[in-house]
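>>> need a 3D model of the following:
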Amino acid sequence: MSLDTQVISSISKEEGQFLLNLARKSIEHYLKSRQILFLDESQIPYENLKKKGASFVTLETKNGTLRGCIGSIIPHRPLYEDVIHNAVSAAVSDPRFYPLTIEELPFIKIKVSVLTYPQPLHYTDWQDLLNKLKPFEDGVIIKYKNHSATFLPDVWEDLPNKEEFLSHLCLKAGLPANFWKTGLLEVYTYKTISFQEE
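Numbering: from 1, shown residues only. This is a model prediction of the structure:
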């Protein structure tokens, strides 16, 4: 895959802060109006955020309980637009949770993760796959036929054991837990640059 020069490759602290504010504003706007926030490119102060980018928006309660998480793996629209859409989806369309209410919003912490472009991880057998994975660093995508799933690098905090990590990822993709040992999985890895509200 050749990297499109219009795809985002790094992001500053100020840009990250802007995306956090944008995510919160997008959710609030949607919960009040049931409309997706529309911003013209001229309203975006950073050229970088107008490049194509892939993001995940994670919502947590103040005590750290997950309350929604939706994202994109492959960049297909400007990063600021991706964050707007994923923030709203994380709030109201994550099938694991009931939709967020406007009353809950002040008690929610938002995290925005910007993903680097996924790279194929070539491996010879399951031992080699385990050796090549970098816990706490790699986000991992697995694919087999019409099954696919991903875990962000944050998931290593809950599943630091590589075998458990892969087993849970297979289950998430609707595959048997030990399917990663078959050698049939396509595996891709990516990194994230994350920003979180205090």
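>>> pull the residues that contact the helix ranked longest in the chain.
Ranked by number of residues, the top helix in the chain under DSSP state H is helix 13-33. Contact partners of helix 13-33, identified using Cβ atoms under 8 Å, 6 or more residues apart in numbering, comprise 11, 35-37, 39, 45-46, 48-49, 55, 57, 79-80, 83-84, 86-88, 91-92, 100-102, 105, 110, 112, 114, 193, 195-197. Heads up, the C-betas are built off the backbone N, CA and C, glycines and all.
>>> check which residues of it are buried.
Buried residues in helix 13-33, counted by 16 or more other Cβ atoms under 10 Å: 15-16, 18-20, 22-24, 26-31.
>>> and the closest residue to F97 other than its chain neighbours, what element?
Computed as Cβ to Cβ, 6 or more residues apart in numbering, the closest residue to F97 that is not its neighbour in sequence is G68, at 5.5 Å. Using DSSP states H and E, G68 falls within strand 66-71.
>>> care to break this structure down by domain?
13-116, 119-191 (automatic domain parsing).
>>> would a markdown table of these with mean pLDDT be doable?
Shown next, in a markdown table, are these (pLDDT from 0 to 100):
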| stretch | mean pLDDT |
| --- | --- |
| domain 13-116 | 96 |
| domain 119-191 | 97 |
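>>> re earlier: need the buried ones from the contacts of helix 13-33 selected in ChimeraX.
Here is the ChimeraX command that selects the buried residues among those (16+ other Cβ under 10 Å):
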select :11,37,49,55,57,79,80,83,84,86,87,88,91,92,100,105,110,112,114,193,195
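>>> now the residue nearest the centre of the chain. Nearest residue, chain neighbours left out?
Residue closest to the average C-alpha location in the chain (Cα atoms, centre = their mean): F56, at 2.8 Å. For F56, ignoring the flanking residues on the chain, the nearest one in space by Cβ to Cβ, 6+ apart is G71 at 2.9 Å.
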